[in-house]
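Trainee: Prediction below, plus the sequence it came from.
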Amino acid sequence: MEAARRIVRVICILGLLLRVLHTSGDKALAQDSTRLTTIIVPYTEYEWWLLEWSNDQLSCQMLIDHEGLPTIDEVINFCGEELATAWWDTPPCNLDETDQCSGVYLYLVSTQAKEKEVIVELPPAVAWVDLEGCTPVPPNNLCTVLPLLVLKGEEPLPNEHIVAVQGIYDNEAFYCAGDVCKIPLRPTPLQGVNVDFWVESSYGDSSEHYTAQVRVVDTGVSPQPGGEGWYVDVISSQWLGTPLASCAKIWEAFPPIGTPPSWLSTPERFELLATGEPYYYLAGRLVSQGLVDISECPSGGLLPNGYADVCGLEKARPAVEEWQNQFDNRINEVANETGIPAQLMKNLFAQESQFWPGMFRVPFEFGLGQITDKGADAIFIWNPTFFQQFCALILSEETCKGGYLSLSEENQGILRGALALQARAECKDCPEGIDLTNVNFSVSLFANTLLANCAQISCSIFTATNMMAGRIATYEDLWRFTIANYHAGPGCVSFAIHQAWGFTEQLTWQEVATRFTEPCIGVVPYVDEITR
């Protein structure tokens, strides 16, 4: 199974790289040329000689452009590896006994003020997309009138300006002189329409060719007398409006029309996340920690497996309700920061840990989301922003710059261990046996892990279909695939996706759910429970 998971990770990464290369190729073709200019830079040239101690014979001459001794790489470049090694291995010499010294030494001969030509890449012109006449507010993105699609050009070079904005809107070409183009929107199919756009500069070149998906759907109701209502959504890297939810952007998938299903919602007030479920395991943990008076329970309120019995749950019920809702404010905060729906996170925490952030069922799983060692792999590989931020706290910036997969197995293990320590909540000296500070961190960690799984699912779908996820699956089903990926792993989910697409060329949850192998089939009721 582990070998299969590694293969899937490699396939997904290769698929993502192909997508990036494909996109980069399109951009390269769209841009006439890279903006380059030559500038004259003054500098000081330092002339160094490498001399032999025995006879002061010149062995090598070096010209460098910085203060201080030449680096070992510079000595190798000018003098060769053999001489560089001889210099590196030469011990310090007492200047009063130089006739007895061996090896080679550096001598600064002269300095001279000089100038050199440096080729500099100039910032390119860019284009942005916005709306006029309406500011859609998630999750409904409701407009009372049909807005204008506004394409804006930006020229960063002084003394240059945007000459024109042009492109193709739903297979119709358009051209606007100047740096702004306003296009009246019209109703679109549910999957939206494509807009390709770019700008021309007085510098003599054009910007990259950008894309946007635009969806305009009649609400079917009038929000005001005599008016109409429209759901308006825009997906583009150049979008200036309210940021799209993170996973929707990763998938290039429109959220559902109007109000999302409750399991994909983030309420305005965290109090609306409150639940009162009778969690037997959570009750058992609270009883075990002495937080509940079970003196009236004949069996001590616990079953042999650590769960509360009926009496234990009855006595623990107020504490259970208080405990399961104490993280709601933090869940809502993280949802607003990351775009991961708050209700989805709470549903997942209920399934994974019953809100007990210590060990639950399986050892070496941590936090409210019970993140595993393999989950740490996923977040470091598929969430590069999180990786760079976290890695820099543990390893050197130089070590981290190549990404997680470039690290040695030892350094990868160090990062996974550090992450586990941050997420581990057990605390012998804490009143409840739990460090709530670490629990708050684990909520953010879990959201970032889900973002990584969103990216992994996007890549799995691309490798199966050669299409972006949002073009072939619904927003709701993409979340179902992501939840399954988090719980069962990419080996299970990628296989089911490839099988479903290969046999039916459909990627619905109903179809994919029938393609899981026997060891993986348990993920289906898990997903259904969370998304019901």
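Mentor: Arrived safely, thanks for sending. Not measured: the values here are computed from a predicted model.

Trainee: From now on I want contacts and neighbour counts done on CA atoms only, so please keep to that.
Mentor: Will do.

Trainee: Give me the below-cutoff pLDDT ranges for the chain.
Mentor: Scanning the chain for pLDDT under 70 picks out 1-33, 98, 221-228, 359-364.

Trainee: Walk me through the domains of it.
Mentor: Domain assignment for the chain by automatic domain parsing gives 1-30+339-532, 37-91+104-121, 126-244, 267-334.

Trainee: Run a quick neighbour tally on the spatially closest residue to residue 509 that is not a sequence neighbour.
Mentor: The spatial neighbour of residue 509 that comes closest, neighbours along the chain excluded (CA to CA, 6 or more residues apart in numbering), is residue 477 at 5.6 Å. Residues near residue 477, counting by other CA atoms under 10 Å, number 17.

Trainee: Just give me the neighbour total for residue 450.
Mentor: Per other CA under 10 Å, the neighbour tally for residue 450 reads 26.

Trainee: ugh, wrong one, residue 291
Mentor: Residue 291, neighbours per other CA under 10 Å, totals 14.

Trainee: ok, now residue 305?
Mentor: 9.

Trainee: What of residue 144?
Mentor: Neighbours of residue 144 under the rule other CA under 10 Å: 17.

Trainee: mind checking how far whichever strand or helix holds residue 247 is from the chain centre?
Mentor: Applying DSSP states H and E as the criterion places residue 247 in helix 246-251. Relative to the centre of its chain, helix 246-251 is centred 10 Å away, using CA atoms, centre = their mean, to the nearest Å.

Trainee: Residue 194 and residue 168: what is the separation?
Mentor: 8 Å (CA to CA, to the nearest Å).

Trainee: To clarify, my last question referred to residue 510.
Mentor: In terms of CA to CA, residue 510 sits 36 Å off from residue 168.

Trainee: Tell me which of the two has more neighbours.
Mentor: Taking neighbours as other CA under 10 Å, residue 510 and residue 168 compare with residue 168 leading, 15 against 12.

Trainee: quick one, what contacts the closest residue in space to that one that isn't next to it in sequence?
Mentor: The shortest distance from residue 168 to any non-neighbouring residue, by CA to CA, 6+ apart, is to residue 196 (5.1 Å). If you count contacts by CA atoms under 8 Å, 6 or more residues apart in numbering, residue 196 has them with 167-169, 209-212.

Trainee: A helix includes residue 196, no?
Mentor: No: assigned with DSSP: H, G, I helix; E, B strand; the rest coil, residue 196 falls outside any helix and is strand.

Trainee: ok, what's across the strand from it?
Mentor: The partner list for residue 196 in beta bridges (DSSP bridges) reads residue 168, residue 211.

Trainee: how close does it get to residue 172?
Mentor: Counting by CA to CA, the separation of residue 196 from residue 172 is 10 Å.

Trainee: now swap in residue 511 and tell me
Mentor: Separation of residue 511 from residue 172 (CA to CA): 36 Å.

Trainee: Same drill for those two, tell me which one is more crowded.
Mentor: Neighbour totals were compared for residue 511 and residue 172, and residue 511 leads with 18 against 8 (other CA under 10 Å).

Trainee: For the more buried one, which non-adjacent residue is spatially closest?
Mentor: residue 500 (6.3 Å).

Trainee: quick one, what contacts that neighbour?
Mentor: Contacts of residue 500 by CA under 8 Å, 6+ apart are 506-507, 511-512, 515.

Trainee: Pull out the buried residues from these.
Mentor: Buried members of those, scored by 16 or more other CA atoms under 10 Å, are 506-507, 511-512, 515.

Trainee: show me where the stretch 1-150 of the chain has strands.
Mentor: In the stretch 1-150 of the chain, the strands defined using DSSP state E, counting those that start in this stretch lie at 36-52, 58-64, 104-121, 126-132, 142-143, 148-154.

Trainee: Reformat the ones you listed as CSV; add mean neighbour count.
Mentor: Shown next, in CSV, are the strands of the stretch 1-150 of the chain (neighbours: other CA atoms under 10 Å):
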stretch, mean neighbour count
strand 36-52, 15
strand 58-64, 15
strand 104-121, 13
strand 126-132, 20
strand 142-143, 22
strand 148-154, 20
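
Trainee: mind checking which of those strands is nearest residue 354?
Mentor: With distances scored as CA to CA, the stretch of the strands of the stretch 1-150 of the chain nearest to residue 354 is strand 142-143 (36.4 Å).

Trainee: Please name every helix or strand in contact with the closest one.
Mentor: Packing contacts for strand 142-143, counted by 3 or more CA pairs under 8 Å, 6 or more residues apart in numbering; DSSP states H and E, involve strand 230-235.

Trainee: before we move on, back to that, out of the strands of the stretch 1-150 of the chain, which comes closest to residue 295?
Mentor: strand 142-143 (56.3 Å).

Trainee: The nearest residue to residue 499 once chain neighbours are set aside and residue 523, how far apart?
Mentor: Of all residues not flanking residue 499 in the chain, residue 515 sits nearest, at 6.4 Å (CA to CA, 6+ apart). Separation of residue 515 from residue 523 (CA to CA): 12 Å.

Trainee: Over to residue 238?
Mentor: Distance from residue 238 to residue 523, by CA to CA: 37 Å.

Trainee: who has more neighbours, the two?
Mentor: Taking other CA under 10 Å, residue 238 and residue 523 do not tie; residue 523 has more neighbours (21 against 17).

Trainee: Could I get the contacting residues of the more buried one?
Mentor: So residue 523 contacts 484, 487-488 (CA under 8 Å, 6+ apart).

Trainee: Which ones among the residues you listed lie within helices?
Mentor: Among the contacts of residue 523, the members falling in helices (DSSP state H) are 484, 487-488.

Trainee: Adding neighbour count as columns, could you present these in JSON lines?
Mentor: Below are those laid out as JSON lines (neighbours: other CA under 10 Å):
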{"residue": "484", "neighbour count": "24"}
{"residue": "487", "neighbour count": "23"}
{"residue": "488", "neighbour count": "18"}
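
Trainee: Quick check: residue 379 vs residue 198, distance?
Mentor: Relative to residue 198, residue 379 is positioned 34 Å away (CA to CA).

Trainee: again, but for residue 348
Mentor: 42 Å.

Trainee: Skip the chain neighbours and tell me the closest residue to residue 115.
Mentor: In this structure, residue 115 finds its nearest non-sequential neighbour in residue 42, 4.2 Å apart by CA to CA, 6+ apart.

Trainee: Which helix or strand lies directly C-terminal to the helix or strand hosting the residue nearest to residue 511?
Mentor: For residue 500, the host element (DSSP H and E) is helix 490-504. Where DSSP H and E defines the elements, the next helix or strand beyond helix 490-504 is helix 509-513.

Trainee: what angle do the next helix or strand after that following helix and helix 490-504 make?
Mentor: Going down the chain from helix 509-513, the next helix or strand is helix 523-531, by DSSP H and E. Here helix 523-531 runs at an angle of 100 degrees relative to helix 490-504 (axes from the mean of the first three to the mean of the last three CA atoms, to 10 degrees).
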